[in-house]
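J.: structure for the following, please:
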Amino acid sequence: MKRISFLNAIVAGAVAATTGGAALADGDRDKGAKQFRACAACHSLQGGDHRTGPSLAGIWGRTAGSIAGFNRYSKALKESGIVWNADALDRWIKDPKALVPGNRMVFRGIADKKIRDDLIAFLKAPSGGKGPAAAGDMGDKGGMGRMGGPAGEMPKLKELAANNRVTAITHCKDTFTVTTANGEIHPFWEFNLRFKVDSGANGPAPGKPVLAPSGMMGDRAFAVFAAADEISAFIKKGC
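T.: Numbers count the residues shown, from 1 in each chain. Sure thing, here's the model as predicted:
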């Protein structure tokens, strides 16, 4: 299979600011938009679009651990009493564990004060950190292909082309064999095919899982389902 990369548009999801290049406080929001690449894999800038971490839309002035709809806050963060302003964000981005010991943030922090200032200016901008982004590519090119949407946004799995839509999964000995809607057959060592669930608005349609490439090697992928109880029912034994 071809070399692929999983959700390039997410991992490389820089979001451009809508306003000009003027600096805000001690940082430059346009430069901060580029620095946001480090955050976009785990955080959206769209309200209600929670990922590994909560949406950062409207973060300015919000109490830490309080956004509705995000259920994975640590007890430490919810009880911190922090309100997100320039000082709190600067300390958090520099070293999350130092500011709130026991929080679940895996990001180690950014030592460079200028980069932190630019990010904070971006998050504080009147646009709320939102802006236009280049269109991604979800075309049917054969193989699993690249999956993406506008930079920094989750792809709409219901809209993926035939090369990503799964029609069958069989399991034989140590191998999963995945058939996609364009007739391609992908064998995976069982350890390299991971099963995921996305029940959100961008997830696959019920009963219609999708195949998402994972990492740089073609022998690793995710099979994404709309609900957890679909997984075992969909996979058939067969050699």
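
J.: centre of the chain to the helix or strand where residue 88 lies, how far?
T.: Secondary structure from DSSP states H and E places residue 88 in helix 86-94. How far helix 86-94 lies from its chain's middle: 22 Å, per Cα atoms, centre = their mean, to the nearest Å.

J.: give the next helix or strand downstream of that helix.
T.: helix 96-99.

J.: who does that following helix touch, helix- and strand-wise?
T.: Secondary-structure packing of helix 96-99 (3 or more Cβ pairs under 8 Å, 6 or more residues apart in numbering; DSSP states H and E): helix 86-94. The C-beta positions use only the backbone N, C-alpha and C, and glycine is treated the same way.

J.: what is the mean pLDDT for the helix it packs on?
T.: On average, the pLDDT along helix 86-94 is 96.

J.: likewise for stretch 68-76?
T.: 89.

J.: now do the domain split for the chain, please.
T.: Residue ranges for each domain of the chain read 17-124, 157-237, as given by automatic domain parsing.

J.: could you tell me the least trusted of those?
T.: Minimum mean pLDDT among these: domain 17-124, a mean of 87.

J.: distance from the chain centre to stretch 179-198, please.
T.: The answer for stretch 179-198 is 20 Å, by Cα atoms, centre = their mean.

J.: one more: stretch 220-233?
T.: With Cα atoms, centre = their mean, you get 18 Å for stretch 220-233.

J.: ok, and for stretch 193-205, which residues are buried?
T.: Across stretch 193-205, burial judged by 16 or more other Cβ atoms under 10 Å covers 193, 195, 197, 198, 203, 204.

J.: contact partners of it?
T.: For stretch 193-205, contacts defined as Cβ atoms under 8 Å, 6 or more residues apart in numbering pick out 154-158, 176, 178, 210, 212, 214, 220-228, 231.

J.: what ranges do the strands span in the protein?
T.: 23-24, 27-28, 166-172, 175-180, 185-189, 193-197, 210-213, 221-225, 235-237 (DSSP state E).

J.: which of these sits most buried?
T.: With neighbours taken as mean count of other Cβ atoms under 10 Å, these reach their highest mean count in strand 210-213, at a mean of 26.

J.: using CSV, write down the CA coordinates of that one.
T.: Provided in CSV are the C-alpha atoms of strand 210-213 (Å, rounded to 0.1, in the frame of the first residue of the first chain):
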residue,chain,number,x,y,z
VAL,A,210,-14.7,4.3,7.6
LEU,A,211,-11.0,3.5,7.3
ALA,A,212,-8.6,6.2,8.4
PRO,A,213,-4.8,6.0,7.8
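
J.: for that strand, packing partners?
T.: Applying 3+ Cβ pairs under 8 Å, 6+ apart, one finds that strand 210-213 contacts strand 221-225.

J.: contacts for the strand it packs on next, please.
T.: Contacts of strand 221-225 (Cβ under 8 Å, 6+ apart): 6, 144, 157, 166, 169, 178, 186, 188, 192-198, 203-204, 209-214, 231, 234.

J.: grab the longest helix from this protein for me.
T.: helix 113-124 (DSSP state H).

J.: so what's the gap between that helix and the chain middle?
T.: Relative to its parent chain, helix 113-124 has a centroid offset of 21 Å by Cα atoms, centre = their mean.

J.: 24 is where my numbering starts, stick with that
T.: Will do, 24 is the new start, and the previous item becomes helix 136-147.

J.: how many residues are close by residue 83?
T.: Neighbourhood size, residue 83 [other Cβ atoms under 10 Å]: 16.

J.: against residue 84, how distant is the closest residue to it other than its chain neighbours?
T.: The spatial neighbour of residue 83 that comes closest, neighbours along the chain excluded (Cβ to Cβ, 6 or more residues apart in numbering), is residue 147 at 5.3 Å. Distance, residue 147 to residue 84, using Cβ to Cβ, to the nearest Å: 10 Å.
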